[in-house]
Structures are given as structure tokens and as C-alpha cells.
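Q: need coordinates for the following:
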Amino acid sequence: MQQKWYQATELEVDSLGQNLHFYMETIEVSRLSALAFFAAGEERYKGERFYWQNREKTMTLVGLGHAHTIQNNEKNNRFDAVEAEWKRLTKNCVKGQAELQPILFGGFTFDPQNNVDGEWTDFPEAYFALATYQLVLRDDKAYVSIHLIASAAEADGQLEALRKERNHLIHAAQVKEVKMYAKPEITNYFEPYKDPYLASIDQVTALIKAKKADKVVIARSLALQFKEQVTSPQVLAQIIHEQPESYLFGLEWQDLLFFGASPERLVKVENGRAYSSCVAGSIQRGKTAEEDEAFGQSLLNDPKNGGEHQYVVDMIAETFRKNCVEMKIPDGPRLLKIRDIQHLFTPVEGQLNNEATILQLTKHLHPTPALGGVPRKEAMIAIRKYEPMNRGLYAAPIGWLDAEGNGEFAVAIRSAALLKDKAYLYAGGGIVADSEPQSEYEETLVKFRPMLRALGGQVHE
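A: Prediction:
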């Protein structure tokens, strides 16, 4: 196994009198598949793994095991609570090479006020993990880090055991990385909330016509039953193969895997510069290049989709104005084309002021009008009243941050929750005054396609 020793660091942790130390050790490894490294943890770390790849495929992140978790069920200050604990844990970290930074990965639920039972019962409103074994792929290089938080007396023996396990995981990943995964076999599927969903469109359009909101996003789910239990690597392999142009993510919690292929960045921060994407308004891809271009032009010229997109642009731009010393935004949207669907897309970027952080931006940006509605408060009240399910992490922020304040969060759409031999797929759409139930229902079928295809289901035409 070819390795290059990189760095070992021991830091004191602000541990409220517990005398803990934060141990980090990083090596550079040649030739390592991220999915194979994730799969190498199937036996020992199932339920404690995560996977992330950005849209540009310039960074891939895998975590196995939990060195530390940050979770809470706060209704009002969950973002601040996560940020405070992460800063306390890493305040003595030395600034340096990005690949050597400890990374916190996780997500916030869409709405902490939602108490509907289902597949998300007992899931924390904020859930983040610092991995025991962290793999970062950047610039064709692979870095594997060990993280340990322990007292000095306990650390020596534990570190040696962690090094042996790290070497075992790397070897297993290098040997097994050519493994192919078959698509799961679906035996049944059902739409748990189809009738309430269709009814909710009429209820929400009436609300909007009464001037109580401008737009409300209503979502629904599609449940799949598999012939046998499906593994996390099995479904991640499918989305890696089929949706390479999207943000790819997987986050395990106990027996649940939340995974997806999202086209939408919520926010990225790199060296004090912030980036966001306004993605709202969509139409299907064409079966020929000519049809595809015609659909795209129709989307660009459609007033309903254009208005829906402008809601998002206005809100994100306002958030950036409050948190940046300068910002850039183009005059109009362009098309973002991915495998099954094309969207209106406007990028936004700016230079953060000294007080702004990635989690503060995430707090202010979530939910965008593309996932909640306009005005935000009234839209959220309507969603709680008329949407019959709990979204969990669907349509919510999922991503990572490091000890220097860099990081990236995607909006967790085109996503699904895998729970043993069942999967729950999620999709929604923006409801305005002239929305029609059947049309909105058919739009969700298009949005189900990426996850449905990855899970072996038939694609509605």
C-alpha cells in the first residue's frame, strides 16, 4: 500500500473541564475509490457513514465512524447551536492545507416544527458528524485522516488501533473498488399521500387567490417496496453512475440512509467568498436536440416559471446584500440542463463581511422560495397545515464545513430515504394562483425520475 505520511496534530479541546484532546493524523494514499472506501465500512460502520461529491467533481468526501456528533432538536437556534459547538471543538485548529482540515458533515431538517410521524420519527432537527476516518479526494489526490477526541491517557492505545483499522479500510477499498452493484428489485410501490396532495393544491390555490400568500411549495412522497434489503453502497453506486452532473450525497443515521442527486447549491464559502445558485422553474428534457431546445426556450419565456424563479433570485440577493461587502448577479437566468429535467438558473456570488459565516448564510437562506414559498412565514404555515407528510431532510440543507469556515451546502432535492427494504422518494413544486392539481402531480413524476431510476423503478413517460 503506497502511502505518504502528511501530518499529525494534537490540540486541546475547550471541553468544559473534561481535559480532552483532539488528535488528527493524515496520510496521502495513491489510487482510492470513494465508493469502495464507503463500502469498506459496511460491516463495522453501517449507520455512521456519509458520502459527498460536488457538482464539479473537484471534491469528494467520505466519512466512516463517528469521532464526534453534533445534534440537537432546537426549534429556533439549531444553526447557532451547531456552529457554537463546532467552533468550541476546533478553535485551536491550525490553519493550513484544506485536505488536512477536519470536516463536519450533516444536515438540518426542513422544518423543526413538523411533528408528523413516519420514516423521520426521532430524527434530530440538526445532525452532523465528524468522521473517525475521513477521506478527501481533491486534484486527483486522496487523503485519509484519523480523528480522535480523548484524554491524553487514553489516546496512545486508541491511536495505534485506529491506524491499523485505517490501513485495513484502505486495503479493502483498493482491492474491492471494481465491484459492480445490481439495481434493487422492486416488488410494489404506492403513493401514500396522493389524494391529500391533490386536495392540497386546490386548498393552497384558494389561499393564494385570497392574497394570503404568493407561492407555496407542496411536496409528496412515493414509497417503494423491495424484494430484499438494499444496501447504502448499492444505491449510491447507481446515482454516481446515472447523475454525475449533480451534487451526490448520502447520510446514514441508524438504519436510515438519506441520499440524492441535487442540481442545486444552497451556499458555498471558499476563502471568504460566498456562492449560491437560484434554481427554480423547470421543464422536461426533449427526446431530440431540437425538441430539447424548444422546451428550453419555452421555459425561458414562460411567465409562471419566470415569476417563480424571480422570487428565489430576489430572496437570495437580499440575503447576500446583508452579509457581503460586494456581490455579483447576472441580469437574467440561463438554463441548467441535467439528465431528466432542465431548470432556470441564476448564479450569485459575493465577498463576505467579517461577521458572516457559512452556517449563518445557511440559516438565512433556508428555506428558499423554491422549496418553501413566498412570503416565507405564510408559506411555512400553509405547508404545515396542508402538506400531510414530514419532509425530514428533503428540501433541506445538507453539506459540510471545515475548521476555517469553508464549506458547501446543497438543497437536498431529487432525494430519497432508504430504510431496510423500503424507500421513500420525495418531490414537490411551487403552487401559485393558477396551478392545477393534475399538472402539478405530473411535474412531480418527472422529478421522481432520478431516484426512481437509481432504485430500479419504471420511469413514467
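
Q: use CA for all of it now, contacts and neighbours both
A: Fine.

Q: name the residues of stretch 263-280 that are buried.
A: Applying a neighbour-count criterion of 16 or more other C-alpha atoms under 10 Å, one finds 263-269, 272-280 buried in stretch 263-280.

Q: who are the packing partners of the top helix by length along the chain?
A: When the chain is scanned for its longest helix (criterion: DSSP state H), the result is helix 152-176. If you count contacts as 3 or more C-alpha pairs under 8 Å, 6 or more residues apart in numbering; DSSP states H and E, helix 152-176 packs onto helix 34-40, strand 141-150.

Q: coming back round to it: what is the most widely separated pair among the buried residues of stretch 263-280?
A: Pairwise distances across the buried residues of stretch 263-280 peak at 26.2 Å for 272 and 280 (criterion: C-alpha to C-alpha).

Q: sec struct for residue 195, please.
A: Recorded secondary structure, residue 195: helix (DSSP: H, G, I helix; E, B strand; the rest coil).

Q: that one: neighbour count?
A: The tally of other residues near residue 195 (other C-alpha atoms under 10 Å) stands at 9.

Q: that one and residue 385: what is the separation?
A: For residue 195, the distance to residue 385 (C-alpha to C-alpha, to the nearest Å) stands at 15 Å.

Q: check residue 20 too.
A: Taking C-alpha to C-alpha, one finds residue 20 at 46 Å from residue 385.

Q: with neighbour numbers in mind, choose between those two.
A: Neighbour count, other C-alpha under 10 Å: between residue 20 and residue 385, residue 20 has more, with 21 against 13.

Q: so where's this protein uncertain?
A: For the chain, applying pLDDT under 70 flags the ranges 1-18, 94-95, 177-179, 458-461.

Q: quick check: closest non-adjacent residue to the residue positioned nearest the centre of the chain.
A: The centre of the chain sits closest to residue 398, judged by C-alpha atoms, centre = their mean, with a distance of 3.2 Å. Using C-alpha to C-alpha, 6 or more residues apart in numbering and skipping residues adjacent in sequence, the residue nearest residue 398 is residue 107, 4.2 Å away.

Q: give me the phi and psi for the one you found.
A: phi -160, psi 170 (degrees, to the nearest 10).

Q: residue 24 contacts residue 144, doesn't it?
A: No. Judged on C-alpha atoms under 8 Å, residue 24 makes no contact with residue 144 at a distance of 10.4 Å.

Q: more crowded one of these two?
A: residue 144 (25 against 22).

Q: that older thread, for residue 286, find the nearest of the helices and strands packed on helix 152-176.
A: That would be helix 34-40 among the helices and strands packed on helix 152-176, by C-alpha to C-alpha, at 31.6 Å.

Q: hang on, the earlier thing: looking at the buried residues of stretch 263-280, which is nearest residue 232?
A: Closest to residue 232 out of these is residue 263 (20.9 Å), distances taken as C-alpha to C-alpha.

Q: so that closest one touches residue 248, yeah?
A: No. Using C-alpha under 8 Å, residue 263 is not in contact with residue 248; the gap is 9.1 Å.

Q: spit out the residues that contact the two alike.
A: Both residue 263 and residue 248 are contacted by residue 55, under the criterion C-alpha atoms under 8 Å, 6 or more residues apart in numbering.

Q: ignoring the adjacent residues along the chain, who's closest to residue 358?
A: residue 269 (6.2 Å).

Q: check for me that that neighbour belongs to a helix.
A: No. The assignment for residue 269, made by three-state DSSP, is strand rather than a helix.

Q: in the sheet, who's paired with it?
A: Beta-bridge partners for residue 269, by DSSP bridges, are residue 274, residue 407.

Q: quick one: contacts for it?
A: Here residue 269 is in contact with 275, 358, 405, 406, 407, 408 (C-alpha under 8 Å, 6+ apart).

Q: so how far is residue 277 from residue 236?
A: 24 Å.

Q: let me fix that: residue 223
A: 30 Å.

Q: mind listing residues that contact stretch 238-256?
A: Outside stretch 238-256, the residues touching it (C-alpha under 8 Å, 6+ apart) are 46-56, 106, 181, 183, 236, 257-265, 338-339, 410, 417-420, 450-451, 454-455.

Q: does residue 282 touch residue 342 like I think?
A: Yes. With contact defined as C-alpha under 8 Å, residue 282 and residue 342 form a contacting pair (5.6 Å).

Q: neighbour-wise, which of those two wins?
A: residue 282 (26 against 23).

Q: grab the nearest non-local neighbour of that one.
A: Per C-alpha to C-alpha, 6+ apart, closest to residue 282 is residue 343, 4.3 Å.

Q: contacts only, for the one you found.
A: 279, 280, 281, 282, 283, 299, 335, 336, 337.

Q: okay, and the beta partners of residue 324?
A: Beta-bridge partners of residue 324, as defined by DSSP bridges: residue 352.

Q: that one against residue 355, yeah?
A: No. The pair residue 324 and residue 355 fails to qualify as a contact (C-alpha under 8 Å) at a distance of 9.4 Å.

Q: more neighbours, the two?
A: Remark: of residue 324 and residue 355, residue 324 carries more neighbours, 19 against 8, as counted by other C-alpha under 10 Å.

Q: contacts only, for that one.
A: Contacts of residue 324 by C-alpha under 8 Å, 6+ apart are 350, 351, 352, 353, 356.

Q: now residue 448
A: Here residue 448 is in contact with 414, 425, 426, 427 (C-alpha under 8 Å, 6+ apart).

Q: from residue 384, how far off is the first one?
A: When you say that, I think you mean residue 414. On the measure of C-alpha to C-alpha, residue 414 and residue 384 end up 21 Å apart.

Q: compare these two (neighbour count), which wins?
A: More neighbours surround residue 414 than the other of residue 414 and residue 384, with 26 against 17 (other C-alpha under 10 Å).

Q: now that one. Its backbone dihedrals?
A: phi 50, psi 50.

Q: please report the distance of it from residue 187.
A: Residue 414 is 22 Å from residue 187, by C-alpha to C-alpha.

Q: what helix or strand is residue 309 on?
A: helix 303-323 (DSSP states H and E).

Q: which neighbouring elements make contact with that helix?
A: strand 273-284, helix 289-301, strand 341-352, helix 358-365.

Q: got a list of what residue 147 touches?
A: If you count contacts by C-alpha under 8 Å, 6+ apart, residue 147 has them with 22, 23, 24, 25, 67, 102, 130, 131, 132, 133, 134.
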